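[1] Any chance you can model this:
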Amino acid sequence: MMGTIDLDRSDPNFLKELAGQPGGERVQACFTCRSCVAGCPISAVNRGFSPAKIIRMALYGLREDVLKSDFVWLCSTCYTCQERCPQGVSITEFMTLLKNMAIREGHAPAGVRAQLKRVTGDGRIYPIDDFDNKKRTKAGLPVLPTSCEDIKKLFQ
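    All right, here's what the predicted structure looks like:
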């Protein structure tokens, strides 16, 4: 993720902004015990992923490093870290907060941006067509609507 931390790039308002939003209220309680990392299934397969490191970077005010990082997108939202946190930090909600901020600031990966475009435009990531409904009928499943025009009302 990163080596030496350059605090000259620190944004002193980042922590205040995070703490004032759902998911960020208790982030300052983190004392880097790494219980979150020990139970994290993503950390088990990717040693570079560390919820504790992401939290620490946020606490240092490294806004750009955190929001541009690919690592926040690796969180699988399994809640294992959150359940193990002795300080009651809502780590999973914190990761979601960071993802939402990254999207708002234009730092989402291309795949996430494509999914967002599909959901806001079509109402789903995977389009349903007549061929899909034929397969569903054959399998004894109900037919699904092929368009989700109502979704556009939500995003107006």
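[2] ok, and for stretch 75-95, which residues are buried?
    Neighbour counts using 16 or more other Cβ atoms under 10 Å place 75, 80-82, 84-85, 89-95 of stretch 75-95 among the buried residues. Every C-beta, even on glycine, is put in place using the N, C-alpha and C of the backbone.
[3] Quick check: mean pLDDT of that stretch?
    Averaging pLDDT along stretch 75-95 gives 95.
[4] what do you get for stretch 43-61?
    93.
[5] What's the per-residue pLDDT of the residue of the chain most remote from its centre here?
    The outermost residue of the chain, judged by C-alpha distance from the chain's mean C-alpha position using Cα atoms, centre = their mean, is residue 138 at 36.9 Å. On pLDDT, residue 138 comes in at 96.
[6] any idea how far residue 138 is from residue 116?
    32 Å (Cβ to Cβ, to the nearest Å).
[7] my bad, should have said residue 126
    Applying Cβ to Cβ to residue 126 and residue 116 gives a distance of 14 Å.
[8] between the two, who's got more neighbours?
    Neighbour count, other Cβ atoms under 10 Å: between residue 126 and residue 116, residue 116 has more, with 13 against 8.
[9] what kind of secondary structure is that one in?
    At residue 116 the chain is in helix, as set by DSSP: H, G, I helix; E, B strand; the rest coil.
[10] ok, it - contacts?
    103, 108 (Cβ atoms under 8 Å, 6 or more residues apart in numbering).
[11] Name the SS class of residue 142, please.
    coil.
[12] which non-adjacent residue is nearest it?
    Distances taken as Cβ to Cβ, 6 or more residues apart in numbering place residue 136 nearest to residue 142, at 7.0 Å, with adjacent residues excluded.
[13] go on, residue 72?
    Spatially, and ignoring its direct neighbours in sequence, residue 72 is nearest to residue 98 (4.6 Å; Cβ to Cβ, 6+ apart).
[14] Surely the one you found is in contact with residue 58?
    Yes - contact criterion Cβ atoms under 8 Å: residue 98 and residue 58 qualify, at 7.3 Å.
[15] so what sits against both of the two?
    residue 66.
[16] that older thread, ok, now which ones touch the residue nearest to residue 142?
    142-144.
[17] of those, buried ones?
    By 16+ other Cβ under 10 Å, the contacts of residue 136 give no buried members at all.
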